[in-house]
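Student: A structural model of the following input is requested.
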Amino acid sequence: MSDQDQSDGYVTQIISRRVKPGCQQQYEGWLKGRLVAALSRYPGYEGITILRPGDTPSKEYVIIQRWAGYDDLCKWVESDERHDVLAESEPYTLSGPSYRKETGLEVWFQLPGEIQVKPPPRYKMALLIWMVITPLVLAANFTLGPLLRSIPLIPAAYLRSAAVVVVMTYFAMPLARRLLARWLDS
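Tutor: Here you go, the predicted model:
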């Protein structure tokens, strides 16, 4: 856990596991029956997203755990229960878990279900974010500006930026990523 950001606040841990051929059903049972049940008993655990391999030859699962804070994650990572639960999955996997640390923006550049070894170059990420955020900010100013005129500047700015962040995260960036996948990955 030494490479994790130790700041207060929300923490995400990304784990990938390669499953042995023919053991996907047992691994799925372990995920639902043991791992999720164990995680849900820990304070600060906020949820899990499981990206399944589908028809890819790697049979690699990606498990994204969300925690309220770094200390909560550390308590889970250092627990005997975690060690025992992970040991139960060993018969179904080809190797131990692989952990990744993301800076945050790289997650926008991975399509759901896509296992990407490295993100696009930072200049491409910055350019795409700029290309997407500029029209969103303009649209937010145009559409929300008249509605927020009676609100003081700072609260209005927070409301406008919240709208931009939501649209960017859930709609604009996933769409832009799909449309420009070839350029980003070249």
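
Student: Would you mind naming the residues that bridge with Arg18?
Tutor: Beta bridges link Arg18 to Glu60 when assigned by DSSP bridges.

Student: so where do the strands sit in the chain?
Tutor: Ranges of strands in the chain, per DSSP state E, are 11-18, 45-51, 60-67, 98-100.

Student: Export those to CSV and append columns for mean pLDDT and distance to Gln24.
Tutor: Placement of C-beta: from N, CA and C, glycine included. Output for the strands of the chain, formatted as CSV (pLDDT from 0 to 100; distance: least, C-beta to C-beta, whole Å):
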stretch, mean pLDDT, distance to Gln24
strand 11-18, 84, 11
strand 45-51, 85, 12
strand 60-67, 85, 9
strand 98-100, 65, 18
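
Student: out of these, which comes closest to Ala181?
Tutor: strand 45-51 (17.0 Å; C-beta to C-beta).

Student: Let me see the contact set for Glu60.
Tutor: Residues in contact with Glu60 (C-beta atoms under 8 Å, 6 or more residues apart in numbering) are Ser16, Arg17, Arg18, Val19, Pro53, Ile115.

Student: Pretty sure the fifth one sits against Tyr27.
Tutor: So the one you mean is Pro53. No. Between Pro53 and Tyr27 there is no contact under C-beta atoms under 8 Å: 10.3 Å.

Student: Based on its surroundings, how many neighbours for the nearest residue to Met131 once chain neighbours are set aside?
Tutor: Nearest residue to Met131, sequence neighbours excluded (C-beta to C-beta, 6 or more residues apart in numbering): Ala176, at 7.3 Å. Neighbours of Ala176 under the rule other C-beta atoms under 10 Å: 18.

Student: returning to that earlier point: buried among the contacts of Glu60? Need that as a selection in ChimeraX.
Tutor: Remark: buried members of the contacts of Glu60, expressed as a ChimeraX selection using 16 or more other C-beta atoms under 10 Å:
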select :16,17,19,53
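
Student: before we move on, back to that, could you redo the strands of the chain as JSON lines and give each row distance to Ala140?
Tutor: Below are the strands of the chain laid out as JSON lines (distance: least, C-beta to C-beta, whole Å):
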{"stretch": "strand 11-18", "distance to Ala140": "27"}
{"stretch": "strand 45-51", "distance to Ala140": "28"}
{"stretch": "strand 60-67", "distance to Ala140": "27"}
{"stretch": "strand 98-100", "distance to Ala140": "32"}
